[in-house]
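J.: Build me a model from this:
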Amino acid sequence: MDMDDGVDDRGDTRTAKRRSELDAIDNSALREAVNWFVLAAGTSNVVMQLSRRPVAYGVMESRVVEGNLFTNPKRRARTTVAYLAVVMLGGPDERAAMRRATNRSHAQVRSEAGAPVAYHAFDPELQTWVAACLFKGAEDAYVRAHGPMHGVFRDEFYRQSMAFGTTLQMPPENWPATRDAFEAYWREQVATLEVDDATREYLTRIVRLEYLGRTLPERVLRYRARLVAGYLPPEFRALMHLPWTDDDQRRFDRFDRRLARLTRAMPRRVRERPLARQLTDVRRRLADGRPLF
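T.: Here you go, the predicted structure:
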């Protein structure tokens, strides 16, 4: 097995050509969603991804200690943002390098024989789900800042978002053919989700920033919880047992409108700064021959 790619495709020129083509997917439309909403809703997106039980247990039971949020939070934050930066702003070389780095890490993420929850990080269905959540996050970031997508731009944004999965090992045929087909896929998947007590406790610890290793004022944690809940679709709030009132929604809408106005007023370089900084770090690491993860 070639652990760089997670499959034994050495000498398969067709596979290599296909991956090169996928890595070269244009991201000019996707780039329009690079703004501060991507980070503001980041924890909410993690909750969405881990609402699929095998994904949750793959993270909670992972043997990759250096990538564990609770043992190495700075590294985990850097690599997560770096992945988004490469997909949304990077080029073919960075995408290929990111996939190899991710796959070396994912090769260790699999359940033990007979485990109650079976998982493997190379499972194409699980990778499609993670990619779907990342797409929903990117789409939401654009819509909150600029309003609904329409026509050709909507279709192209969706097509380019396939890179969230193909920069992993998701087969391109797993990506629903159109945005409307994706909506049917999404609704079908959401209807099957369940969050057990162990997962809910783990995610609550993330929401409460326990990985920082210090006690924060309760008012900060309450604000943080409302922010995470606000960016979650209602179905995921219910799974997490997060209370949400009409007053909560009104307060969140006011915050959201202010952030949207601020985002639209920002020069592009400021909107893109958090991800652009990580892309610069990725390029430096590649130039120096250092590992991305």
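J.: Thought Leu50 was touching Val194, still the case?
T.: Rather than Val, residue 194 is Glu. No: assessed by C-beta atoms under 8 Å, Glu194 is found out of contact with Leu50, at 11.5 Å. No exception for glycine: its C-beta is placed from N, CA and C like everyone else's.
J.: which helices and strands sit right next to the helix or strand that contains Arg219?
T.: Using DSSP states H and E, Arg219 sits in helix 218-230. For helix 218-230, the packing partners by 3 or more C-beta pairs under 8 Å, 6 or more residues apart in numbering; DSSP states H and E come out as helix 42-50, helix 197-207, helix 246-265.
J.: which stretches of the stretch 1-150 of the chain aren't confidently modelled?
T.: For the stretch 1-150 of the chain, the stretches with pLDDT under 70 are 1-13, 15, 66-67.
J.: 80 - rerun?
T.: Low-confidence segments of the stretch 1-150 of the chain, defined by pLDDT under 80, span residues 1-16, 63-67, 107-108, 113-115.
J.: which residue ranges form the helices in it?
T.: Along the stretch 1-150 of the chain, the stretches classed as helices by DSSP state H, counting those that start in this stretch are 13-23, 36-40, 42-50, 53-60, 73-89, 92-106, 124-146.
J.: can you tell me which of those helices comes nearest to Ile206?
T.: helix 42-50 (6.3 Å; C-beta to C-beta).
J.: the inter-axis angle of the closest one versus helix 197-207?
T.: 160 degrees (axes from the mean of the first three to the mean of the last three C-alpha atoms, to 10 degrees).
J.: List the contacts of helix 42-50.
T.: 55-56, 59, 80, 129-130, 133-134, 136-137, 195, 199, 202-203, 206-207, 228-233, 236, 240 (C-beta atoms under 8 Å, 6 or more residues apart in numbering).
J.: Ala145 touches Ala40, doesn't it?
T.: No: the criterion here is C-beta under 8 Å, and Ala145 misses it with Ala40 at 10.7 Å.
J.: And those two? Which one has more around it.
T.: Neighbours were counted for Ala145 and for Ala40 using other C-beta atoms under 10 Å; Ala145 has more, 23 against 19.
J.: measure that one to Arg95 for me?
T.: 25 Å (C-beta to C-beta, to the nearest Å).
J.: distance of Ala24 from Glu94?
T.: 11 Å.
J.: Settle it for me: which of those two has more neighbours?
T.: More neighbours surround Glu94 than the other of Ala24 and Glu94, with 21 against 14 (other C-beta under 10 Å).
J.: Kindly provide the distance from the closest residue to the more buried one other than its chain neighbours to Tyr57.
T.: Using C-beta to C-beta, 6 or more residues apart in numbering and skipping residues adjacent in sequence, the residue nearest Glu94 is Val86, 4.7 Å away. Distance of Val86 to Tyr57, computed by C-beta to C-beta: 26 Å.
J.: Give me the more crowded residue out of those two.
T.: Shown here are Val86 and Tyr57; by other C-beta under 10 Å, Val86 has more neighbours (29 against 22).
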